[in-house]
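Undergrad: Here is my input, please return the structure:
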Amino acid sequence: MESDVIITRQPKLSPGDCGLSPDTTLLQVRHQWLNAPGPAGIRPITLGQEGAEMPDQFIDLGEIFFPPGGAFVTDGGSSTDSNVPAQLSQANPQSAGACVPVGKEWQAGGGPGGSSLLIESVSWQSIAANLAQLPLMAEADDPPRTDFFAGAAAGGIHLAGQPSTTPGLVLDYISYVEGSYSNFTFASYSAGSGPTYVVEGGWPTFVWPGTVTFQANCVIKFRGATGLCLYGFIQCQGTQDNPSVLTSYRDSQYGDIVDTGVPAAGDIGTGLYIYYACGSCPTLSGLVIRYATNAIEWAANCFGTTCTIANCAFYDCTTGLYADGANVVIQNSAVNTVTYPVTLFGCQPAVTGSFGQGYPPSFATSPVCQVVEQGSSVTFTAALSPPTAATYQWYGENGSYGSGGWTKIAGATGSSLTVPNVADRTEVEVFGGNPFGSAGSSSAASVVVLGNPAWTDWTTLIANTNGKTPSVWSTMRLTQPPALAWNTSSLIWGKAGYTAISQVNSWDILSNTPGVFPVTALTARHGYTRGHGMGGTRTNNPATSMTVYFCDPNNTVHQVNVLANIVRYDGVNDYTVLLFDSDLPASITPMQVASQPQGEAVQLATQQRAYPYGGVPGSVALVSPIPTYAFTPPLPFGFYYNDGGDSGSPVMVLATNSTLVFIKGTTTSGPGSQSNSPMQADMDTLSLLGNLNPANYQMGWLSIE
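TA: Predicted coordinates for the structure are as follows:
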């Protein structure tokens, strides 16, 4: 809502004609408010310049508030359609170079009948030159004045039927209906749980007359020419190490990813627009603002108040500080890739200090994962700008991998950190040390510490990865019989036991889905698959025999039928053992087995469908204890991903003699121990059902402890 009083003629009398001093005389416009609510808050302000200061108020009526207004000259050339709502923008006395602030005062009950008054005042001296440019008032006497407080016009309030086309001096006020919050806190961001704030819409998107708090590590992203307009109290809790971040919605370096596009200067309109916040926010600190047209615009600072920007950093912006009539002190703050660090505009702004040249912001980086032998010394080196800004926090895990319980055991600052004699899994978090470098961003570098025999298994595995790929098959066509061919570049190709892996059976062919029931041969007559989804614990002779297909090293396909099976899915065991109708040929080698390792084991798992990797179905990937984020440089065979249909597929250890050793299935249980194996007992039961001697069909055990 906007109200304009336009003076179109020079007044007949000046203050001097009335015995008044032009320096202290005010020209006032008084508005009567009927049934106005009591003010929710009034904050005094001092406008103008020293020697000509004038009182003003921020007036908050709860649902409506009044920011500062200004007097300006109009040439009357504009025209407004009376049926189209006016497009309002916040009044700025410094716009168009006028420098004529208008003060306000709310007098509750100061009008007739207890009505309220909104009194607008402007210094006569500040508008005298503008008045002198207007036409002279007619010499004839004015008609008699009616009652000054006539009350509301009959018929309600309407938009003006005709626009004003007469040049004049405009004294105006603007009020806003609040659609935002009186008080608001931008909470700290935490990876995985947020929050990341996204601000959308036109300028100004949010306007706060109350207290706004920016917690350390909060992340606010803007889409479009948006910004935060604040004229209440501001609390900045960010620091150099843990700043509050305002950035583009395309910026993936901070907070959650909103858009994968490339951010650029101007993605934000004005990050923070500080509007007449006299005395309420003496310092803005710990802020990082990126990709803005103006990182901070400080508008029309009040007389006698000087505000501060401290420990802030602005990146990839057109302007760092846009001082619009404000008095600002810059302390220990920096800019990088900012076209205009400081722009001055309006009535005699005064900026003390300057921005330093910061470093481009970037995440602290270090090797993401290292696997070392117990007792080794490990050195972390951070890639930072400058490198000496890195801060390291070194944590050790209480217990085995995955058990949690990280404890901070050391810390250091510098270009590198050496962790000696590592005995447990260790994680080092690397932080940027100030807002001019990585601005509090961090990366975690994990060390997986392996003792023997896991370290031996790991080095064996790595030695076998050169030139290898994750794809198990070069050909897999679901014909009957299927067409199968091994990928000779696969990580498992040629390792003892690899031909025991079957990823195609007659059920797969019928459903056109390879690997739904993966089978691993553990003796010449017995296969292994999952227990869950197979109908609960039971012994069963299938009504419809399932055919399982194995492929030998020469890519010849061999088939066996299932005569019987025993399902175990009882809360302790989760597996199914199958009895084949004939022995597998000598070219198909059953896989040896071992108990589940007690310590940190380096394991592989086959995956039935290679959708995450592309290409033909079937792949092999790394399982625990190696974390699932990428190595630097990346390992060639990827990481374990449990795809649909993987349940029961073999999880293996690659032993030093190039033997694949079965220890369990994916999400299913293993053979137990050699002295007490319920799975071997079930195989013996099946052997007796098939009139076989169980002693001839025992699993081959290999110790990997």
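Undergrad: Please, where are all the helices along the stretch 101-250 of the chain?
TA: With DSSP state H, counting those that start in this stretch as the criterion, the stretch 101-250 of the chain has helices at 124-132.
Undergrad: Just the strands from it, written as ranges.
TA: Read by DSSP state E, counting those that start in this stretch, the stretch 101-250 of the chain holds these strands, from start to end of the chain: 101-107, 116-123, 168-174, 176-177, 184-186, 196-200, 206-208, 212-214, 219-223, 228-230, 234-236, 244-248.
Undergrad: Quick one, which of those gets closest to W701.
TA: W701 lies closest to strand 196-200 among the strands of the stretch 101-250 of the chain, at 52.5 Å (Cβ to Cβ). Quick note: C-beta positions are derived from backbone N, CA and C, even for glycine.
Undergrad: still on that earlier bit, and the strands of the stretch 101-250 of the chain, which one is worst for confidence?
TA: Across the strands of the stretch 101-250 of the chain, strand 176-177 has the smallest mean pLDDT, namely a mean of 48.
Undergrad: G325 reaches A299, doesn't it?
TA: Yes: the pair G325 / A299 is scored as a contact, 6.7 Å apart, by Cβ atoms under 8 Å.
Undergrad: I'd like to know how far N183 sits from L522.
TA: Spatial separation of N183 from L522 under the definition Cβ to Cβ, to the nearest Å is 67 Å.
Undergrad: Looking at those two, which is more packed in?
TA: Neighbour comparison, N183 and L522: the larger count goes to L522, with 27 against 12 (by other Cβ atoms under 10 Å).
Undergrad: Now do the same for that one: its pLDDT.
TA: L522 carries a pLDDT score of 98 in this model.
Undergrad: Quick check, it in contact with I588.
TA: No: with contact defined as Cβ under 8 Å, L522 does not count as touching I588 (11.8 Å).
Undergrad: Now do the shared contacts for these two.
TA: A500 (Cβ atoms under 8 Å, 6 or more residues apart in numbering).
Undergrad: one step back: compare the strands of the stretch 101-250 of the chain and give me the one nearest V342.
TA: The closest approach between V342 and any of the strands of the stretch 101-250 of the chain, judged by Cβ to Cβ, belongs to strand 244-248 at 18.5 Å.
Undergrad: Which helix or strand lies directly C-terminal to the closest one?
TA: The C-terminal neighbour of strand 244-248 among helices and strands, as given by DSSP states H and E, is strand 268-275.
Undergrad: what angle do that following strand and strand 219-223 make?
TA: 120 degrees (axes from the mean of the first three to the mean of the last three Cα atoms, to 10 degrees).
Undergrad: which helices and strands sit right next to strand 268-275?
TA: Secondary structure elements in contact with strand 268-275, counted by 3 or more Cβ pairs under 8 Å, 6 or more residues apart in numbering; DSSP states H and E, are strand 219-223, strand 228-230, strand 244-248, strand 287-290, strand 292-299.
Undergrad: strand partners of the fourth one, parallel vs antiparallel please.
TA: Strand 287-290 has its sheet partners listed here by DSSP bridges as strand 244-248 (parallel), strand 313-324 (parallel).
Undergrad: CA atoms only for the first one, dumped as CSV, please.
TA: Pointing back at strand 244-248 there. Included here for strand 244-248 are C-alpha records, laid out as CSV according to Å, rounded to 0.1, in the frame of the first residue of the first chain:
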residue,chain,number,x,y,z
SER,A,244,27.3,-19.2,7.5
VAL,A,245,27.0,-19.7,3.7
LEU,A,246,24.7,-17.9,1.3
THR,A,247,25.1,-19.2,-2.3
SER,A,248,23.5,-20.1,-5.6
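Undergrad: Show residues contacting it.
TA: Looking at what lies outside strand 244-248 - Cβ under 8 Å, 6+ apart - the contacts are 186, 214-222, 228, 236-238, 253-255, 263-264, 267-268, 271-272, 286-292, 439.
Undergrad: Now, of those residues, which are buried?
TA: 186, 214-222, 228, 236-238, 253-255, 263, 267-268, 271-272, 286-292, 439 (16 or more other Cβ atoms under 10 Å).
Undergrad: wait, isn't Y291 in contact with T318?
TA: No: Y291 is not in contact with T318 according to Cβ under 8 Å; the separation is 9.6 Å.
Undergrad: if I look at these two, which residues touch both of them?
TA: With contacts taken as Cβ under 8 Å, 6+ apart, the residues that reach both Y291 and T318 are 265-266.
Undergrad: Buried residues in the lengthiest helix in the chain, which are they?
TA: Identified as the longest helix of the chain according to DSSP state H is helix 678-689. For helix 678-689, burial by neighbour count (16+ other Cβ under 10 Å) applies to 678-680, 682-684, 686-687.
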